[in-house]
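> pasting the structure only:
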């Protein structure tokens, strides 16, 4: 039984925890695959784009700009450097459209933040582009509930350890809430902080974890964010 | 006469304050201009790339990935969508080379940080990509001197006001040190914090300010970072 009585600071993941995000990446991948359909099958295009993104991750990191650069590079490769400038232009426009998308809040988000912000210090802890995340927070109308945004270059144990040091809280005083087992839950449990998992219907392959990794790990999974209010009474 | 006795936290700009950066952008622009030389004069290419970057700034923000995407878009435009895939590939490689550059520290940086870190809390306050800045800090060997990195989506007064709130310090307790009058000096002076200007030999056109804007503003300019040690004794 996990005990939440020491919690002082709650970190919320942003994308697919507070608002829709992965869905837009899936749509973008579909558009990309259509643009390159004369060179390869949709399945092969998907695979190659994913490989390109993972290969570029150490250099580019996460977010839409990194994704855009990987799409351009992947188009060059899949077409054997025959891709037309018009297609490159269309790829840049996919990325710009993603950055301009309206923010679609998930169920219960505002009620949860309103209730928790009176009792805890809330922060947004994300690994996208800072500017993009700030823009989404602004559009979401949720700004007043958060003390500030923390953008992490990655969400591994060492990143969270640094974050807690910087926030000046003990692991036992920090709760992370998010949709990714790999990024929002397991690293926290491993450093003795608390975590609650709220799955989103779509998960990027890079964020998937093996069942073995979650064995015996102490965290809670809830079906919808609003259930938090039953846990943190 | 500016008084520094209340200072508790010192923010250091990173690029062109601690290490060389703008020089690499100038070199990249030169390479870009060579790649597109059959379409336009170097001067016109420079102008159009700058316009593209400024136009994309609200959407892409600062940093190498934003610069890369603007170069690709500018190449499409300057060539009337005739640019070859090989040129697009060469542009992506310019960006990758920039991200892989070694870190070249400016004079006196390590001595200054070593001396100040025993008396003040030092933070790195930059507006590039978080991952890129973390990597540069890592390569620089300067990590132990800093409490943490703050990546700001922009360096305007409102960004610094938020930062000070988040750091829980008063404006009079914060000193910013950097090479850009527009980003590291004037916004601080305007919110009654302190600033010291250390010019770098090259300034991006977007960071230049009119002489009028600095009139009557209270900040110090020094020729080299090491002079800080004479001011903050």
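It's in. Quantities reported herein were computed from a predicted structural model and do not represent experimental measurements. Numbers count the residues shown, from 1 in each chain, chains lettered A, B, ... in the order given.
> do the longest helix along chain A and chain B meet at all?
Secondary structure of chain A per DSSP state H: the longest helix is helix A:42-60. Yes - counting by C-beta under 8 Å from any C-beta of the partner chain, chain B has neighbours in helix A:42-60: A:59, A:60. All C-beta spots, glycine's among them, are computed from the backbone N, C-alpha and C.
> Near residue A:216, how many other residues are there?
Neighbours of residue A:216 under the rule other C-beta atoms under 10 Å in any protein chain shown: 6.
> Are we agreed that it is in a strand?
No - when the secondary structure is assigned by DSSP: H, G, I helix; E, B strand; the rest coil, residue A:216 falls in coil instead of a strand.
> re earlier: elements contacting whichever helix or strand comes after the longest helix of chain A?
Of the helices and strands lying after helix A:42-60 in sequence (DSSP states H and E), the nearest is helix A:64-78. Applying 3 or more C-beta pairs under 8 Å, 6 or more residues apart in numbering or on different chains; DSSP states H and E, we find helix A:64-78 packed against helix A:22-35, helix A:42-60, helix A:85-100, helix B:64-78, helix B:85-100.
> Of these, which is nearest residue B:30?
Smallest distance to residue B:30 across the helices and strands packed on helix A:64-78 (C-beta to C-beta): 10.0 Å, for helix B:85-100.
> helices or strands up against that closest one?
Helix B:85-100 makes packing contacts with helix A:42-60, helix A:64-78, helix A:85-100, helix B:22-35, helix B:64-78 when contacts are defined by 3+ C-beta pairs under 8 Å, 6+ apart.
> now do 7 Å
Contacts defined by 3 or more C-beta pairs under 7 Å, 6 or more residues apart in numbering or on different chains; DSSP states H and E place helix B:85-100 against helix A:64-78, helix B:22-35, helix B:64-78.
> what is the rounded mean pLDDT of the shortest one?
Mean per-residue pLDDT for helix B:22-35: 96.
> Kindly report the same for the last one.
Confidence over helix B:64-78, taken as the mean pLDDT, stands at 97.
> Please spell out which residue in chain A sits farthest from the middle.
Computed with C-alpha atoms, centre = their mean, the residue of chain A farthest from its C-alpha average is residue A:82, at 33.5 Å.
> can you tell me which residues contact the closest residue to that residue other than its chain neighbours?
Closest residue to residue A:82 in three dimensions, ignoring its sequence neighbours and counting by C-beta to C-beta, 6 or more residues apart in numbering or on different chains: residue B:85, at 6.6 Å. Contact criterion C-beta atoms under 7 Å, 6 or more residues apart in numbering or on different chains gives A:76, A:81, A:82, A:83 as the residues in contact with residue B:85.
> Distance-wise, check the last one relative to chain B.
Just to be clear, that refers to residue A:83. Computed as C-beta to the nearest C-beta, to the nearest Å, the residue A:83 to chain B distance reads 6 Å.
> Would you check that that residue makes contact with residue A:75?
Yes - counting by C-beta atoms under 7 Å, residue A:75 is a contact partner of residue A:83 at 4.6 Å.
> So for the two, which residue has more residues nearby?
Between residue A:83 and residue A:75, counted using other C-beta under 10 Å, residue A:75 has the larger neighbour count: 27 against 22.
> how does chain A divide up, domain by domain?
Under the assignment automatic domain parsing, the domains of chain A span A:9-19+A:103-231, A:22-100.
> mean pLDDT for those domains: which is lowest?
Per-stretch averages of pLDDT across these put domain A:9-19+A:103-231 at the bottom, with a mean of 91.
> anything in that one sitting right up against chain B?
Yes - using C-beta under 7 Å from any C-beta of the partner chain as the criterion, contacts between domain A:9-19+A:103-231 and chain B involve A:129, A:130, A:131, A:134, A:148, A:151, A:153, A:162, A:166.
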